[in-house]
Each structure stands twice: as structure tokens, then as C-alpha cells.
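Enquirer: Give me a 3D structure for the following:
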Amino acid sequence: MPRIFINGISAKSAGGKSILTNFLKVAREADDGFSFCVVVPNMSGYSEFAGDRIEIVDVGRLSATIMIPFASMTVLRRLPRKRECDLVLNLATIPIPTRLPQVFLCDWPYAAFLDSPAWKMSTRTDRLIRRSKLFFFKRFLRFVDVMLAQNSVLAQHIAHNYRLPNVEIIPNAVSLDNLRDSSDFDFSLGDGFKLLCLSRYYSHKNIEIFLPLAESIKSTGIRAKIITTLSPNDGLGAKRFLEDVEKRGLGDVIVNLGTVPMAHVPSLYAQTDALLLPTLLESFSGTYVEAMYHRRPILTSDLPFAHGVCKESAFYFDPNNPDDILGTIEYVMADGGEREKRTEMGAEYLEKMPGWSEVYSMFVKIFQRTLENDLSVVKYSTTPSFR
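Expert: Got it, this is the predicted structure:
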């Protein structure tokens, strides 16, 4: 029975955790002849998958962001052979320097979009950590046999940036279970056109653009509100943003709900009119999928990653220009026919997106081909210089 080593050391939250948990849900029930050894940052949310075919290894403190390069060069380098594994599936941001065949899913957008303004945002410490991760990403790239990306836009950027002969596409699977399970909750949002930004605080989400945007909304008298879901516990940036909302007297335009339980998310979509996401950098945002499912128009950044997911179903704007965002909001509010048209497009795109069973089967085929040495991508022999 072939044994697959899965590096899920970075799967602590958000998209990374979603990918790993959904993969394991299917793997647990699959009858494909594979067994798995899975490295996780902690047992929370993963212990349920432990069984005859799946071994869960908790690496604890080694999963801290600053420790991941060290873990990749030491523990993770030795562990696959120690656990008698035949192939590595790497879901982290840094390849493992191993001679075992390695399939690497690159869903770290900073590696794909090297010129994104998101690189210049956040604190010096965060920027230093990202630069360090990028250095080790490039350094260990030669140990990757098969490079995967979640859509054609990411694949093109990764192939170009690192001079790779081929990058295969494994689409991000759609999991709708959480979107169907709900409990009614009244958020008491009042009247007006309500634009939902359902996200925790991250610097690349570009939430600060809401401050000048809200001032413009207020000064022009447009009956619109921005609904955010931030918590002061999201970090210093979130705390400063919420303080600025209060200091500038924008609480009637920017309505912050705090963290919203998943069970209340369907109710929140039902009580809002559109999704507003001025993000500067993504690989794949599940928020777009949620909006499509709940049939809400999407207003988002005119950047390649957004087009890769939403295509023609979204309304696009310059995320660094509050006037352009305001103009897009006004257009969407005024043209109900166009709202309906693009919302229907989004629903149609959603129907064509693969589920996790289909995506898991794609992974299995890649494992089988790789183990048989029928590779479409050979070991990369050169490592591009650090920028």
C-alpha cells in the first residue's frame, strides 16, 4: 500500500485548513489503496481523522510561522522516510528538501504575485518573514517533482516567475456544506444598500480603503453601508482600523459586527445586498464562492486573481482608488438588471466548479503517475536568484 506524507504544517486556519480537512474527509472514506501520514500544526480539528489509513502527527511549536523554514530543513526532511512514506504531498509554503518524489501545491499568493502592492503593506516583521519564506521557497524548489496551482492565472505567474517548464492545475474544490447549515439570526442592519466584507483582518485585504470610501459615501449622501466582521483580536491593524472608524465618526457607514459564527453566515448574506472585497492578493477566496452560492453580486479588485475565480460575474474596481470603488457601488445600486445578470453568471460558474470527491481523484491520479515515474515535470535543476 503506497504511503503518502502530507505536509500540513501551515494548515492552521482559513484556506489552508479548509483544503486539508476536506482532503482528509474524502481520503478517510476512499478505497484507493493509499495510506497517509499527515503533519498538522495541532490536533484541533484533525484528531477525528486518525485511523487505520491516516496517521496524524502534531508538530506543535514547529508550526509557528517563524519556525517553518527550520522545521522544513530538519524534522520534515527526515520524517517521511522515518514513517516509511513513498511520496510527499506538500501543502505548506516551503518545499521539503527530500529525495522522495514531491508534489507541491502552491497556494501562497505572495510567491505568485511578486509585484503585488501587498508586499509593501503590513509591519516590517511580517515583510521580513515573507521574504525569508520566499528565499527558502526558491532554494528548495529543485526538490519538487510536480508543481500544482489552483487556477490558470496562478499557474501562469508561477511558471513565469520561476522558469518552470510546466505547472499543473488542481482547481480549488467547492464545499457547500457549511453554507447550507444555518440558524436564523437578526443582525439589525437597518436600511440602505448593504455591502458585506466578510473577512478577518489581514493587511492584504486592504480594509483601510474603507475609511476614505466611507467618508465619500457620507459626504455624497448615498444610502449605502459597509458591513465588516473584524475583531480587535485580529491584531494591531484591526484595532487601529476600528479606532479610526470611531474617531472619524464613520460608525453609521462602516458597521462592524465582530466575528460571525459560521452558522449565522447564511443569515448575514440574506440581510445584505452585495459582497465588497477590495483585496490586493489572493490565491482563491472562498468568499467569492459564498457570494455566488447566496446569489449576491460581487464587487472586487480588478486584479488577475479575482478574474481567475469570478471571470465576468463580478463588478471590478481599482482597489487603491476610493473614487473608483464609489463609482462602482453607485453603478451596481442603479442597475438592477446588470446586478441580476452577473449574479446569475456567478451561480452558473459555481455549478461548474468541482467538488472535493472530484478534486481528490485528481490528486490520486497525480500520486499514481508520480510513483510510476511517468512525470510530466522533472526535478528542477536550477534555483532562481533571490530578488
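
Enquirer: for the stretch 1-150 of the chain, what spans make up the helices?
Expert: Here the stretch 1-150 of the chain has its helices, by DSSP state H, counting those that start in this stretch, at 14-29, 68-73, 75-82, 109-112, 124-139.

Enquirer: for the fourth one, packing partners?
Expert: Using 3 or more CB pairs under 8 Å, 6 or more residues apart in numbering; DSSP states H and E as the contact criterion, the secondary-structure elements in contact with helix 109-112 are helix 124-139, helix 152-161. Every C-beta, even on glycine, is put in place using the N, C-alpha and C of the backbone.

Enquirer: how deep is the closest residue to Asn256 other than its chain neighbours tucked in, by neighbour count?
Expert: Computed as CB to CB, 6 or more residues apart in numbering, the closest residue to Asn256 that is not its neighbour in sequence is Thr228, at 4.7 Å. Counted with other CB atoms under 10 Å, residues neighbouring Thr228 total 22.

Enquirer: Please report the distance of Thr228 from Gly235.
Expert: 14 Å (CB to CB, to the nearest Å).

Enquirer: Of the helices of the stretch 1-150 of the chain, which is nearest Val265?
Expert: Closest of these to Val265 is helix 14-29, at 13.9 Å (criterion: CB to CB).

Enquirer: dump the residue contacts of the closest residue to Lys239 other than its chain neighbours.
Expert: Nearest residue to Lys239 in three dimensions, chain neighbours excluded: Pro232, at 4.6 Å (CB to CB, 6+ apart). Applying CB atoms under 8 Å, 6 or more residues apart in numbering, we find Pro232 in contact with Ala238, Lys239, Leu242.

Enquirer: How is the chain partitioned into domains?
Expert: 3-173+354-371, 177-352 (automatic domain parsing).

Enquirer: can you list those in CSV and add mean pLDDT?
Expert: CSV is the format used below for the domains of the chain (pLDDT from 0 to 100):
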stretch, mean pLDDT
domain 3-173+354-371, 91
domain 177-352, 93
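
Enquirer: Confirm for me that Asn161 is in contact with Tyr110.
Expert: No - using CB atoms under 8 Å, Asn161 is not in contact with Tyr110, being 10.9 Å away.

Enquirer: Give me the common contacts of the two.
Expert: Contacts common to Asn161 and Tyr110, judged by CB under 8 Å, 6+ apart, are absent.

Enquirer: what secondary structure does Ser199 sit in?
Expert: Of the three states, Ser199 takes coil under DSSP: H, G, I helix; E, B strand; the rest coil.

Enquirer: where does it sit relative to Glu282, distance-wise?
Expert: For Ser199 relative to Glu282 (CB to CB), the value is 11 Å.

Enquirer: Can you check the contacts of Pro232 and name whichever has the most neighbours?
Expert: Leu242 (21 neighbours).

Enquirer: State the three-state secondary structure for that one.
Expert: Quick answer, by three-state DSSP: Leu242 is helix.

Enquirer: which residues touch it?
Expert: Leu230, Pro232, Asn256.

Enquirer: burial measure for the last one, as a count.
Expert: The number of residues packed around Asn256, counting by other CB under 10 Å, is 18.

Enquirer: Got the phi and psi for it?
Expert: phi -100, psi 130 (degrees, to the nearest 10).

Enquirer: all strands of the stretch 101-250 of the chain, in order?
Expert: 102-105, 146-149, 168-169, 193-197, 224-228 (DSSP state E, counting those that start in this stretch).

Enquirer: Relative to Tyr316, which of these is closest?
Expert: Taking the strands of the stretch 101-250 of the chain one by one with CB to CB, strand 193-197 is closest: 14.8 Å.

Enquirer: Between strand 224-228 and that closest one, find me the angle.
Expert: 20 degrees (axes from the mean of the first three to the mean of the last three CA atoms, to 10 degrees).

Enquirer: So what are the sheet partners of strand 193-197 and their directions?
Expert: Strand pairing for strand 193-197, using DSSP bridges, gives strand 224-228 (parallel), strand 274-277 (parallel).

Enquirer: out of the ones you listed, nearest to Ile6?
Expert: If we rank the strands paired with strand 193-197 by CB to CB, the stretch that ends up nearest is strand 274-277, at 30.0 Å.

Enquirer: what's the offset of that closest one from the middle of its chain?
Expert: Mean-position distance between strand 274-277 and its chain equals 16 Å (CA atoms, centre = their mean, to the nearest Å).

Enquirer: what residues does that strand touch?
Expert: Outside strand 274-277, the residues touching it (CB under 8 Å, 6+ apart) are 193-199, 205, 226, 285, 287-288, 290-291, 296-301, 306, 325, 329, 332, 339.

Enquirer: what about 6 Å?
Expert: Outside strand 274-277, the residues within contact range by CB atoms under 6 Å, 6 or more residues apart in numbering are Leu195, Leu196, Cys197, Ala291, Arg296, Pro297, Ile298, Leu299, Thr300.

Enquirer: Pull up the pairing partners for the helix or strand containing the last one, direction included.
Expert: Spelled out, it's Thr300. For Thr300, the host element (DSSP states H and E) is strand 298-301. Applying DSSP bridges to the sheet, strand 298-301 is found paired with strand 274-277 (parallel), strand 314-317 (parallel).

Enquirer: Point out the most buried one among those strands.
Expert: With neighbours taken as mean count of other CB atoms under 10 Å, the strands paired with strand 298-301 reach their highest mean count in strand 274-277, at a mean of 25.

Enquirer: which helices and strands sit right next to the next helix or strand after that strand?
Expert: Counting by DSSP H and E, the element after strand 274-277 in chain order, helix or strand, is helix 286-293. In this structure, helix 286-293 makes packing contacts with helix 336-352, judged by 3 or more CB pairs under 6 Å, 6 or more residues apart in numbering; DSSP states H and E.
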